[in-house]
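Everything below, folded, please.
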Amino acid sequence: MYGVPGFAFANPGSDMIPQVPFEQPKNLFRYGEQSLWSTQLHNVNTALANGTFRLFTTPLGQVGQGFSSGLTIAETSLKEGGRIPAGVAFDAYGLSCLVYAGSQVANVLTTLAVPLNTVETITDLVNVQNNGTLTWDFVQTQVDIAPLHLIGAGGGAFGSVSTTQNATQIGSMNNGAGSIWMYRKHPISLPGNSTFSILLRYGANTAAVGATNPLALKVAMFGFYKTAIEIG
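The predicted structure follows:
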């Protein structure tokens with residue numbers, strides 16, 4: 001099995017000898033696929049021109065990002081706002097942004113299940129799609145991602161609005177049902193304990209949200225996580 005001391009019987013780089021460490025490893029790594037998402041709510045009549053809104057900062061159960069009550073699993077998956085937990089690394093290779101509308105009673109949000117099939121809701125959709133952008137914010141460094149019209153919704157209801165003979169509006173619009181668009185080849189790496197957020201920014205020519213329906217934008221990151229499991 002062994003040759004002359006100091007000389008390997010076979011080339012260590014060959015397939016004959018497995019790459020086994022000489023000492024017991026201290027940890028193992030667990031890999032998996034996962035999504036992280038966060039939602040910004042724009043209430044009715046909210047001014048958007050030159051506005052900046054920060055996503056991925058409010059965790060589950062906390063109030064923020066335009067919501068007057070604690071965020072639920074439909075709005076975010078974050079257990080801790082703005083930070084990747086220790087011992088976990090995340091590589092984001094997909095990014096989507098879904099635009100959808102809600103209803104309210106006495107200025108209180110009641111649902112986020114309103115079809116984008118009226119003049120106001122479609123106008124709001126086109127407004128944020130044409131004027132909104134996303135930007136990474138890594139505390140001291142900001143990196144522009146893309147305008148919203150280049151970032152698909154990642155699926156969902158979409159299409160056109162038609163009117164039946166009794167003037168009932170049917171159908172719904174959104175910002176596209178294509179595949180998640182960004183970072184398919186070059187993922188964004190977020191090491192454990194790193195802090196981050198995504199900025200939703202609007203230009204000077206952005207109109208205010210309409211007077212009837214609140215508007216929500218849900219940004220989702222899809223990627224791989226790696227967790228270190230201590231074994232010794």
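
Identify, by residue count, the longest strand of this structure.
In the chain, taking DSSP state E as the definition, the longest strand is strand 88-105.

how near is the closest residue to Pro85 other than its chain neighbours to Gly87?
Of all residues beyond its chain neighbours, the one nearest Pro85 is Gly192 (6.5 Å), with distances taken as C-beta to C-beta, 6 or more residues apart in numbering. C-beta: built from backbone N, CA, C; applies to glycine. To Gly87, Gly192 is 5 Å away according to C-beta to C-beta, to the nearest Å.

quick one: which of these two has more around it?
Gly192 (16 against 13; other C-beta atoms under 10 Å).

Just the pLDDT for the more buried one.
pLDDT recorded at Gly192 is 82.

list the contacts for it?
Contacts for Gly192 were tallied using C-beta atoms under 8 Å, 6 or more residues apart in numbering; they are 84-89.

re earlier: run the angle between the helix or strand following the longest strand of the chain and strand 88-105 for me.
For strand 88-105, the following helix or strand on the C-terminal side (DSSP states H and E) is strand 108-114. Orientation check (axes from the mean of the first three to the mean of the last three C-alpha atoms, to 10 degrees): strand 108-114 against strand 88-105 gives 110 degrees.

mean confidence for strand 108-114?
90.

C-terminal to that strand, which secondary structure element comes first?
helix 119-131.

Each with direction, which strands does the helix or strand following that following helix pair with?
Towards the C-terminus, the helix or strand next in line after helix 119-131, according to DSSP H and E, is strand 132-137. If you go by DSSP bridges, strand 132-137 pairs up with strand 142-147 (antiparallel), strand 197-202 (antiparallel).

What residues sit buried inside the first one?
Pointing back at strand 142-147 there. For strand 142-147, the buried set under the neighbour-count rule, 16 or more other C-beta atoms under 10 Å, comprises Ile145.

With stretch 81-92 instead?
By neighbour count on 16+ other C-beta under 10 Å, the buried set for stretch 81-92 is 81-84, 88-90, 92.
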